[in-house]
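J.: need a structure here:
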Amino acid sequence: MPRPRERILGNLESIYREAYERAKTAGDEKRMADLDAAYQREQLLLEVLIDIRDALTALPAGAAPPERTLTAHATPPHP
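T.: Below you'll find the model as predicted:
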């Protein structure tokens, strides 16, 4: 059974919060800003991956994901 979304995101927050607090205690504002940006990026990536996981686990057993085709929004090939 997959881990719940809240647990995964909570673990991520805990890891970054600890590192952020260490940087704050050291007065390292650059590190704090870097950690904040990295946390937001990692959170977004994890949420996308969890959404994909949830979509795939919602498929009936043995079913393949729907095939996607390019439409009018596709970029034409370069000459």
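
J.: At which residues are the helices of the chain located?
T.: For the chain, the helices defined by DSSP state H cover 5-26, 29-57.

J.: number of nearby residues for the nearest residue to residue 24 once chain neighbours are set aside?
T.: Of all residues not flanking residue 24 in the chain, residue 32 sits nearest, at 5.9 Å (CB to CB, 6 or more residues apart in numbering). From N, CA and C alone the C-beta is placed, and that goes for glycine too. A count of nearby residues for residue 32, using other CB atoms under 10 Å, gives 17.

J.: Residue 12 now?
T.: Neighbourhood size, residue 12 [other CB under 10 Å]: 16.

J.: which residues touch it?
T.: With CB atoms under 8 Å, 6 or more residues apart in numbering as the criterion, the residues that contact residue 12 are 39, 42, 43, 46.

J.: Quick check: it vs residue 60, distance?
T.: Note on residue 12: its distance to residue 60, by CB to CB, to the nearest Å, is 31 Å.

J.: do the same with residue 10
T.: Note on residue 10: its distance to residue 60, by CB to CB, is 30 Å.

J.: same question, residue 6
T.: Here the criterion is CB to CB. By it, residue 6 lies 26 Å from residue 60.

J.: So for residue 58, what's the pLDDT?
T.: At residue 58, the predicted lDDT confidence score is 83.
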